[in-house]
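Novice: Okay, here's the prediction I keep looking at, along with the sequence it came from:
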Amino acid sequence: MPRIEFWQGNVSLAYGAIAAGCRFFGGYPITPSSEIAEVMSEELPRVNGRFIQMEDEIAGIAATIGGSVAGYKAMTATSGPGFSLKQENLGLAYMAEIPIVVVDVMRGGPSTGLPTSIAQQDVMQARWGTHGDHATIAYAPSSVQECYEVAIKAFNMAERFRQPVLIMSDEVLGHMREKVVVPEAGDLTLIDRKKPACSPDDFMAYKPDPEDNLPPMASFGDGYRWHITGLTHNEWGFPTNCATEIAFKSARLMDKVNVYRDEIVEYETESVEDAEMIVVAYGSVARTALSAVRQARARNIKVGYFRPVTLWPFPDREIEKLSEKAGKLIVPELNFGQMIHEVERAVHGKAGIIQMSLVNGELFQPSEILGKIEEVA
Amino acid sequence: MPRPEVLDWLRKRFFPHMWCPGCGHGIILHAILRALVDSGKKREETVIASGIGCSSRMPGYIDACTIHTTHGRSLAFATGIKLANPELTIVDVMGDGDCTAIGGNHFIHACRRNIGITAVVMNNNIYGMTGGQASPTTPLGAKATTAPYGAIDPPFDICKLAQGAGATYVARATIAQPVICEQYIKNGLANNGFSVVEIISSCHTQFGRKNNRRTPLDNINFFRNNSVPIAKAQGMTPEDLEGKIVTGEFVKRETPEYTRLYLDLISRVGGNKA
């Protein structure tokens, strides 16, 4: 029997991670994400997992990567300033192909900004925050229920593709309480990292299997000896300056999303079939947007709702298709324009794009989005 | 010539190594490997972690579970690995800049936790890989590419730092004493807690050429002539000790090891039955 809980988003996300098999958490306190660490500190030892509060944000992600290297599903959680600090080691996890989940409960910035207020200003940082090219997978939940669900999806993707996966939550979602239907453990689909089948002496940690172009991963302590480095490396994992090896490695990192894009992209729609206008929104803002769209529909305005669940990879082809019928896209965001650039890129000029920006630490009111819909209609 | 069982720990396919001929780090690599072999360690149960710098390229050449991480951060990675699997032997090889500048915070907290890791700090008083810039252990008055008029920053004493922060085994030797280096690393490995073995190494290429120690031998001779064993140092005045390298074992004490405490906590809340 599924059980019913009344949880905060952060708490739901933490329990979702544990359900996903997360058994290692390295973190550092920061508002508005600290509840995730608090739940992990209480629950992980009870399931023979490991929690450690590190000396800073940088060490939090470093320990998390270490936990994953030693074989655990591992997570860390933070917010804006901490997300900035984690970027260096996030890059190492991309380069070294270490599966981890990183949660950013977005608050206002730049700098210390608004620790207790919502914003959506880290969307581009999620994609481009660490230096160098890499494939990004980032989920943006918009309900407490979905915090639980994306935690599971994020671990599945991290383990499957052997790379970091981000969850871009936000302050309102993190602290809001809602009903959560917690599924039975047996009903969940969980993915574990692919292990090497070869003998330890033949193991090449970065040699992809031909069928999926993804390399299996051993754990430190399970009999295999291998080298991990943040330097660009060959299939042995050893640093290389060979142009062919550099090109192979670099392209393979990008292919994780390029090749499997359709299996990763997720989105949600409502009333888009006959829509002449669509509101594109994510995270907590999507809740306001959906409310406004429903009110507008009640007033016979042909407006639809589109919510990217994966911010990265962005559901660009799906939005482009819809923009062929719907001539206008309204994009409300709690920033001065970040995801709107992806929407513009997606539609190739086929639809007019109307920006709604709010940067005052608050959410849009449904009436504000409804007003914009009526103005545009 | 290294013994065959020591050579087994080298990834010969990755040679030649990237260190300058005559670099002190080779002596330390050999001492680490002898200590691991003589302590009965297995390659597949031994982790060698490092950050960034000349010293940090060492793990690549060691045929074990090796992780070359970001600058200064290796102890944080190693802490995660050790907590996840306390059965593993973990040696963290670091340089002076890596350990005491960018990684200073991780270093003092690893000492504070007393987590079962042996840190081998190769102190050559300089940032070698980036071209000889001053580090937190560059002696007062010594020249570096970013201290062309001589360093004015007071240097760290790594052993005192480790002792103050809570490490339970702390020792210092120089590359002029390879057998003692090996012994201290062995003692560090045997300590159930956080061990710091500082080994004074040489960088004749970057430090030596600006400070009248141009050849590898100049450096070895300098260490020989300026090292003072701890017992002798205790009877000397601060003036007499100026410019000297005090060697020996500074700390040997027992306090609970971090992962042991965590495993006890797991048992206390019933997680060991999960």
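Specialist: Noted; the coordinates are in hand.
Novice: from the chain's centre, how far out does stretch B:15-32 sit?
Specialist: 14 Å (CA atoms, centre = their mean, to the nearest Å).
Novice: Could you confirm whether that stretch reaches chain A?
Specialist: No. Between stretch B:15-32 and chain A, judged by CB under 8 Å from any CB of the partner chain, nothing touches; the nearest distance is 8.7 Å. Where you see a C-beta, it was placed from the backbone N, CA and C, and this is true even at glycine.
Novice: distance between the ends of that stretch?
Specialist: End-to-end distance for stretch B:15-32: 18 Å, by CA to CA, to the nearest Å.
Novice: same question, stretch B:69-79
Specialist: Start-to-end, stretch B:69-79 (CA to CA) is 13 Å.
Novice: Also stretch B:97-105?
Specialist: 12 Å.
Novice: does any part of that stretch sit near chain A?
Specialist: Yes. Looking at stretch B:97-105 against chain A by CB under 8 Å from any CB, the contacts come from residue B:105.
Novice: for that stretch, what is the average pLDDT?
Specialist: In this model, stretch B:97-105 has a mean pLDDT of 97.
Novice: ditto for stretch A:12-31
Specialist: Computed over stretch A:12-31, the average pLDDT equals 98.
Novice: Only alpha carbons, please: show that stretch as CSV.
Specialist: What follows is stretch A:12-31, C-alpha atoms only, in CSV (Å, rounded to 0.1, in the frame of the first residue of the first chain):
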residue,chain,number,x,y,z
SER,A,12,10.3,14.8,0.3
LEU,A,13,13.4,15.1,-1.8
ALA,A,14,15.6,13.5,0.9
TYR,A,15,13.2,10.6,1.3
GLY,A,16,13.0,10.2,-2.4
ALA,A,17,16.8,10.0,-2.6
ILE,A,18,16.8,7.3,0.1
ALA,A,19,14.2,5.4,-1.8
ALA,A,20,16.4,5.7,-4.9
GLY,A,21,19.1,3.9,-3.0
CYS,A,22,21.1,7.0,-1.9
ARG,A,23,23.4,5.8,1.0
PHE,A,24,25.9,8.6,1.1
PHE,A,25,25.5,12.3,1.7
GLY,A,26,28.2,14.9,2.1
GLY,A,27,27.0,18.4,2.8
TYR,A,28,27.3,21.7,4.5
PRO,A,29,24.5,23.8,6.0
ILE,A,30,22.9,26.5,3.8
THR,A,31,19.5,28.0,3.7
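Novice: The helix or strand encompassing residue B:249: how far from the chain's middle?
Specialist: Using DSSP states H and E, residue B:249 sits in strand B:245-252. In terms of CA atoms, centre = their mean, the centre of strand B:245-252 is set 14 Å apart from its chain centre.
Novice: ranges for the strands of the stretch 151-274 of chain B?
Specialist: When secondary structure is read from DSSP state E, counting those that start in this stretch, the stretch 151-274 of chain B shows strands at B:169-174, B:195-200, B:227-229, B:245-252.
Novice: for the first one, packing partners?
Specialist: Other elements packing on strand B:169-174 under the criterion 3 or more CB pairs under 8 Å, 6 or more residues apart in numbering or on different chains; DSSP states H and E are helix B:158-165, helix B:178-190, strand B:195-200, strand B:245-252.
Novice: That one vs strand B:245-252, what angle?
Specialist: Here strand B:169-174 runs at 160 degrees with respect to strand B:245-252, directions being taken by axes from the mean of the first three to the mean of the last three CA atoms, to 10 degrees.
Novice: Could you look up the SS state of residue 87?
Specialist: Picking chain A for this. Each residue gets one of three states, and residue A:87 gets helix by DSSP: H, G, I helix; E, B strand; the rest coil.
Novice: my question was about chain B
Specialist: The local conformation at residue B:87, judged by three-state DSSP, is coil.
Novice: sorry, back to before: show me what the strand holding residue B:249 is in contact with.
Specialist: Strand B:245-252 is contacted from outside by B:159-160, B:162-163, B:167-174, B:177, B:180, B:184, B:187, B:191, B:200, B:223, B:226-231, B:233, using CB atoms under 8 Å, 6 or more residues apart in numbering or on different chains.
Novice: And the strands of the stretch 151-274 of chain B: which comes nearest residue A:178?
Specialist: Distance to residue A:178, taken as CB to CB, is lowest for strand B:195-200 among these, at 49.4 Å.
Novice: can you give me the mean pLDDT across the closest one?
Specialist: Per-residue pLDDT over strand B:195-200 has a mean of 98.
Novice: Now do stretch B:138-149: distance from first to last residue.
Specialist: Start-to-end, stretch B:138-149 (CA to CA) is 13 Å.
Novice: Stretch A:103-117 now?
Specialist: Span of stretch A:103-117 from end to end, CA to CA: 17 Å.
Novice: List the contacts of that stretch.
Specialist: In contact with stretch A:103-117 (CB under 8 Å, 6+ apart) are residues A:10, A:13, A:30-33, A:36, A:75-83, A:118-122, A:126, A:166-171, A:173-174, A:283, A:359, A:361-362.
Novice: mind redoing it with 6 Å?
Specialist: For stretch A:103-117, contacts defined as CB atoms under 6 Å, 6 or more residues apart in numbering or on different chains pick out A:31-33, A:77, A:79-80, A:83, A:119-122, A:167-171, A:174, A:361.
Novice: Flag every residue of the stretch 151-274 of chain B that's near chain A.
Specialist: Within the stretch 151-274 of chain B, the positions adjacent to chain A are B:265-266, B:269, B:271, B:274 by CB under 6 Å from any CB of the partner chain.
Novice: coming back round to it: tell me which of the strands of the stretch 151-274 of chain B sits nearest to residue B:139.
Specialist: Per CB to CB, nearest to residue B:139 of the strands of the stretch 151-274 of chain B: strand B:245-252, 10.3 Å.
Novice: and the closest one with strand B:195-200, angle?
Specialist: 180 degrees.
Novice: Point me to the residue of chain A nearest chain B.
Specialist: Of all residues in chain A, residue A:66 sits closest to chain B, at 2.4 Å by CB to the nearest CB.
Novice: For the residue nearest to that residue when sequence neighbours are not counted, pull up the helix or strand it's in.
Specialist: Nearest residue to residue A:66, sequence neighbours excluded (CB to CB, 6 or more residues apart in numbering or on different chains): residue B:80, at 2.4 Å. Element membership for residue B:80, per DSSP H and E: helix B:74-84.
Novice: Just the pLDDT at residue 37, thanks.
Specialist: I went with chain A, as the question did not name one. At residue A:37, pLDDT is 98.
Novice: hmm, I had chain B in mind actually
Specialist: 98.
Novice: Count the neighbours of it for me.
Specialist: Residues contacting residue B:37 under the criterion other CB atoms under 10 Å in any protein chain shown number 18.
Novice: my guess is it contacts residue B:3, does it?
Specialist: No. At 7.5 Å, residue B:37 and residue B:3 do not qualify as touching, with contact defined as CB atoms under 6 Å.
Novice: Nice, that's everything, thank you.
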